[in-house]
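> I would like to see how this sequence folds:
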Amino acid sequence: MSRRAGYAESWDLTYLVEQLRELIGHDLRLDEVLAEELEDVLGSLVQRNQRLRVLQRMVNAERAPDDLAALRGALEDMDRELLTRLPALLERLRLALP
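Residues are numbered from 1 along each chain as shown. Here you go, the predicted model:
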């Protein structure tokens, strides 16, 4: 990611996503609520990845600073939400390990 984008990916979020990746590689006992929560978080991560790609394309195309700021703000909001949601989800997934 270019420094011009002004967006720095959170190492804390990266660490939590790596933990999630490790946990979903196991045979988990998921109830319906936990499965839905996991699906929702995974959907948010996919959406976040798509926004990161759009931001990179916009930076490379040297788009207007206002456009970049809006997308950067949306990414930062999404990161904050994921940083709030992931720790509890990870704990619940650990409890679902056989």
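
> Go ahead and flag the most central residue of the chain.
Leu45 (3.8 Å; C-alpha atoms, centre = their mean).

> ok, the residue nearest to that one when sequence neighbours are not counted - how many residues close by?
Closest residue to Leu45 apart from its sequence neighbours, by C-beta to C-beta, 6 or more residues apart in numbering: Val17 at 6.7 Å. (Each C-beta comes from the backbone N, C-alpha and C, glycine too.) Val17: 17 surrounding residues under other C-beta atoms under 10 Å.

> Kindly provide the distance from Val17 to Thr84.
Distance of Val17 to Thr84, computed by C-beta to C-beta, to the nearest Å: 14 Å.

> on that earlier part again, relative to the whole chain's centre, how far out is the helix or strand hosting the residue nearest to Leu45?
Using DSSP states H and E, Val17 falls within helix 11-24. Helix 11-24 sits 9 Å away from the centroid of its parent chain (C-alpha atoms, centre = their mean, to the nearest Å).

> What of stretch 19-33?
Relative to its chain's centre, stretch 19-33 lies at 17 Å (C-alpha atoms, centre = their mean).

> Let me see the contact set for the closest residue to Arg29 other than its chain neighbours.
The shortest distance from Arg29 to any non-neighbouring residue, by C-beta to C-beta, 6+ apart, is to Ala96 (4.9 Å). Contact partners of Ala96, counting by C-beta atoms under 8 Å, 6 or more residues apart in numbering, are 28-30, 34.

> Just send those residues back as TSV, with neighbour count, pLDDT and distance to Asn60 too.
As requested, these are arranged in TSV below (neighbours: other C-beta atoms under 10 Å; pLDDT from 0 to 100; distance: C-beta to C-beta, whole Å):
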residue	neighbour count	pLDDT	distance to Asn60
Leu28	17	92	39
Arg29	11	93	44
Leu30	15	94	40
Leu34	16	96	39
